[in-house]
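> the sequence and its predicted three-dimensional model are supplied below.
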Amino acid sequence: MSLEGKKLGFIGTGKMGSALIKGICDAGLFAPSNVYASDLYEPSLDELKQNVGVNVSTDNAATVINSDIIVLAVKPQILKKVIASIKDDIDSDKLIISIAAGVKLADIESEFNEGTRVIRVMPNIAATVAEAASAITQGSNASKEDAEDALAIFSSVGSAIQVPENLMDAVTGLSGSGPAYIFPVIEAMADGAVYEGLDRKSALVLAAQTVLGAAKMALETETHPGELKDMVTSPAGTTIRGIKVLEEYGIRSAFMQAVIESSNRSKELGK
Ligand SMILES: NC(=O)C1=CN([C@@H]2O[C@H](COP(=O)(O)OP(=O)(O)OC[C@H]3O[C@@H](n4cnc5c(N)ncnc54)[C@H](OP(=O)(O)O)[C@@H]3O)[C@@H](O)[C@H]2O)C=CC1
Ligand SMILES: O=C(O)[C@@H]1CCC=N1
């Protein structure tokens, strides 16, 4: 397989970089000794060194020099600055993967020296538990094998698909940001049960498992979500009373609008 013998680097070990490093090492795709990570924030490096065993440094050059594939996991706003500081150590043997929201491939490529191989990916935070939903898109100098490598890396921590770049903002609004829409749903559902007298711990377990089970059914039965909803909803039963309330509060419009607004922000970040 084409990742064999390759070394993986991460610039930025914040929330997403760390989630990916942990997930990828847990999956066994790369041995921690073949993973290099750098950040300005030493506590996150110490944590990764101690708990995962990857090589860490506060110098991005160490990551770049030692790695064949380099994941840029810094904020979109500082991506250009970071690229400027590493680009002269990047040759055509190295593959760059950017996970920055919004920032377009052409803009990333134009910051590097000509011919640099770049893949853009939008993962999500569930990489920590090997349940990420990721989409990748291929830069103009990246090969089919590069795309396959990226798909293999992100598939090791969940599901990964390839999409045309013009859909990356939609993906960002949906699955990149999406976990943050669902955590409050879990909390609020648990709150309802706590209101009714259930203890908090049990309420959170039942709420989270309910979301997990519903997601698994949607994925595994390949049945339309409307039909799955109908399976739960007995005539004159309990569920339809809950559904009526959700519709009164505009649940569908709220979630649609959240995805659209997040996608719009992704577009703004790319300007
Ligand atoms: N969080 C998420 O769920 C997702 C994030 N993303 C993308 O991932 C990227 C990272 O996001 P996230 O992990 O949330 O952000 P974080 O702020 O948690 O992580 C970024 C890290 O980069 C560090 N950093 C800043 N400057 C440098 C530098 N010059 N060299 C090396 N490291 C540096 C920061 O340190 P310090 O804090 O000291 O500045 C921080 O530790 C973003 O581009 C985001 O769009 C994509 C999908 C999901
Ligand atoms: O909120 C953000 O901008 C990042 C990108 C997708 C998820 N988190």
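Yes, it's here. Keep in mind it's a predicted model, so treat the numbers as computed, not measured. Residues are numbered from 1 along each chain as shown. Ligands and ions are numbered 1, 2, ... in the order given.
> just confirm residue 234 contacts residue 241, I think it does.
No. Taking contacts as C-beta atoms under 8 Å, residue 234 lies outside contact range of residue 241: 10.6 Å. For every residue, glycine as well, the C-beta is placed using N, CA and C.
> find residues that contact each of these two.
In terms of C-beta atoms under 8 Å, 6 or more residues apart in numbering, residue 234 and residue 241 are not both contacted by any residue.
> just give me the longest helix of this protein.
helix 200-220 (DSSP state H).
> avg pLDDT for the helix or strand following that one?
Past helix 200-220, further along toward the C-terminus, the next helix or strand under DSSP states H and E is helix 225-232. Mean pLDDT, helix 225-232: 98.
> before we move on, what about stretch 112-125?
The model assigns stretch 112-125 a mean pLDDT of 97.
> cool, stretch 165-173 as well?
Rounded mean pLDDT across stretch 165-173 is 98.
> gap between the longest helix of the chain and the chain center?
Relative to the centre of its chain, helix 200-220 is centred 20 Å away, using C-alpha atoms, centre = their mean, to the nearest Å.
> need the residues that contact that helix.
By C-beta under 8 Å, 6+ apart, helix 200-220 touches 182, 185-187, 189-191, 193-194, 198, 223, 225, 228.
> do stretch 260-267 as well
101-102, 168-170, 172-174, 176-177.
> and ligand 1, is it touching that?
No. Judged by C-beta under 6 Å from any ligand atom, stretch 260-267 and ligand 1 are separated, with a smallest distance of 8.6 Å.
> ok, and the most crowded of the contacts of stretch 260-267?
Neighbour counts for the contacts of stretch 260-267 (other C-beta atoms under 10 Å) peak at residue 176, which has 28 neighbours.
> pretty sure residue 119 belongs to a strand, no?
Yes. Under DSSP: H, G, I helix; E, B strand; the rest coil, residue 119 falls within a strand.
> count of neighbours near the residue in the stretch 1-150 of the chain positioned nearest to ligand 1?
Taking C-beta to the nearest ligand atom as the measure, the stretch 1-150 of the chain has residue 14 as its residue closest to ligand 1, at 1.8 Å. Residue 14 is flanked by 14 other residues according to other C-beta under 10 Å.
> all further residue positions should be reported with the first residue as 43.
Okay, using 43 as the starting number, the last item reads as residue 56.
> name the SS class of the one residue in the stretch 43-192 of the chain that gets nearest to ligand 2, please.
At 3.7 Å from ligand 2, residue 143 is the closest residue in the stretch 43-192 of the chain, using C-beta to the nearest ligand atom. Of the three states, residue 143 takes coil under three-state DSSP.
> now residue 201
Assignment for residue 201 (three-state DSSP): strand.
> give the bridge partners for it, please.
Residue 201 has these beta-bridge partners by DSSP bridges: residue 175.
> sorry, back to before: how about the CA coordinates for the longest helix of the chain, as PDB?
As requested, C-alpha coordinates have been extracted for helix 242-262 and formatted as PDB (Å, rounded to 0.1, in the frame of the first residue of the first chain):
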ATOM      1  CA  ARG A 242     -28.100  13.600  34.800                       C
ATOM      2  CA  LYS A 243     -25.700  10.700  34.100                       C
ATOM      3  CA  SER A 244     -28.400   8.300  33.000                       C
ATOM      4  CA  ALA A 245     -30.000  11.000  30.900                       C
ATOM      5  CA  LEU A 246     -26.800  11.800  29.100                       C
ATOM      6  CA  VAL A 247     -26.000   8.200  28.400                       C
ATOM      7  CA  LEU A 248     -29.500   7.600  27.000                       C
ATOM      8  CA  ALA A 249     -29.500  10.800  25.000                       C
ATOM      9  CA  ALA A 250     -26.100  10.100  23.400                       C
ATOM     10  CA  GLN A 251     -26.900   6.500  22.700                       C
ATOM     11  CA  THR A 252     -30.200   7.500  21.100                       C
ATOM     12  CA  VAL A 253     -28.300   9.900  18.700                       C
ATOM     13  CA  LEU A 254     -25.800   7.200  18.000                       C
ATOM     14  CA  GLY A 255     -28.500   4.500  17.400                       C
ATOM     15  CA  ALA A 256     -30.500   6.800  15.100                       C
ATOM     16  CA  ALA A 257     -27.300   7.700  13.100                       C
ATOM     17  CA  LYS A 258     -26.400   4.000  12.800                       C
ATOM     18  CA  MET A 259     -29.800   3.100  11.500                       C
ATOM     19  CA  ALA A 260     -29.700   6.000   9.000                       C
ATOM     20  CA  LEU A 261     -26.300   4.700   7.700                       C
ATOM     21  CA  GLU A 262     -26.900   1.000   7.900                       C
END
